[in-house]
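Colleague: Sharing a sequence plus its predicted fold:
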Amino acid sequence: MIVSKIYLCPEHIYVGHFGGAAGATPMTEVSEVQLVAGRGLVGDRYFDRQAGHKGQVTFFAEETWTRLCQELGVFFPGPSVFRRNVLVREADLFSLINQEFEVQGVRFRGVEHCKPCVWMDQAFAPGTLAKLSAWSAGGLRASILSDGWLKAG
């Protein structure tokens, strides 16, 4: 698994907004991030949620974003609109559900498929939600099992 990009955001833009407009705080791309076991990514909106929170970190496949771009004919906005923390390539994220795995020396446990939300057609392009749902390719929620750092690139 290769880490392509890392994103953080201190605020939710969809949670609590159902039926209304999305928030406007963008994801910020960072070159590296500190991960704390059981707590999340330092600086992210999900850091220090309740114990055992299933979304301490979220992964998204770069190949999925590329396929969406090709099939929908849309190449902007970039993958940060999917609101996942770590964009990776060369990984079958779906196969990591209920599995322990390691990336750059940090241990994780895949918790569940990160289902795409109803905002995807608005955030990226019409048809995004249907494609991500059909492909079961919304990403992966994972627990962080060991402290460490991830670096992009």
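Modeller: In hand now; what should we look at?

Colleague: use CA for all of it now, contacts and neighbours both
Modeller: Fine.

Colleague: Report the helix or strand with the lowest average pLDDT across the protein.
Modeller: Counting by mean pLDDT, DSSP states H and E, the weakest-scoring helix or strand in the chain turns out to be helix 120-123, with a mean of 83.

Colleague: then it to CSV, C-alphas only?
Modeller: Extracted in CSV, the C-alpha atoms of helix 120-123 (Å, rounded to 0.1, in the frame of the first residue of the first chain):
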residue,chain,number,x,y,z
MET,A,120,-21.2,12.7,-3.2
ASP,A,121,-23.2,13.8,-6.3
GLN,A,122,-23.0,17.3,-5.1
ALA,A,123,-19.4,17.1,-3.9
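
Colleague: what's near enough to touch the residue at minimal distance from the centre of the chain?
Modeller: For the chain, the residue nearest the mean C-alpha position is Arg84 (1.9 Å; Cα atoms, centre = their mean). Listed by Cα atoms under 8 Å, 6 or more residues apart in numbering, the contact set of Arg84 reads 7, 57-60, 139.

Colleague: top of the residues you listed by neighbour count?
Modeller: Phe60 (27 neighbours; other Cα atoms under 10 Å).

Colleague: I'd like to know which elements the strand or helix carrying that residue is packed against.
Modeller: In this assignment (DSSP states H and E), Phe60 forms part of strand 57-61. Packing partners of strand 57-61 (3 or more Cα pairs under 8 Å, 6 or more residues apart in numbering; DSSP states H and E): strand 86-89, strand 140-144.
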